[in-house]
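S.K.: kindly return the folded structure for what I paste below:
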Amino acid sequence: MECRQKENLKTCPCTYPGCPRKGICCECIKHHWEKRELPACFFSKEAEKTFDRSIENFIKDQK
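M.R.: Next up is the predicted model:
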């Protein structure tokens, strides 16, 4: 499967400066899941800005 990084960048909500995985969803998900986290696209804009990608913060953000 070919990566659609340029296309993904149009909607990627990650605001982390210098992220080397921005727009490369498979690498982003793998990176965060190895740390027991979720990627930015799972969070609201407000929660994403905190850079807290924890599952606990995801649950709190959904309430």
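S.K.: residues touching residue 61, list them.
M.R.: By C-beta atoms under 8 Å, 6 or more residues apart in numbering, residue 61 lies in contact with 43-44, 46-47. To be clear about C-beta, it is placed using only N, CA and C from the backbone, and glycine gets the same treatment.
S.K.: nope, residue 52 is what I meant
M.R.: Listed by C-beta under 8 Å, 6+ apart, residue 52 has no contact partners.
S.K.: ok, back up a step: pull out the buried members of the contacts of residue 61.
M.R.: Burial by neighbour count, 16 or more other C-beta atoms under 10 Å: within the contacts of residue 61 this picks out 43, 47.
S.K.: switch the contacts of residue 61 over to TSV; also include secondary structure.
M.R.: Converted to TSV, the contacts of residue 61 look like this (DSSP: H, G, I helix; E, B strand; the rest coil):
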residue	secondary structure
43	coil
44	coil
46	helix
47	helix
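S.K.: what's the most distant pair in the contacts of residue 61?
M.R.: Largest separation among these by C-beta to C-beta: 43 and 46, giving 8.2 Å.
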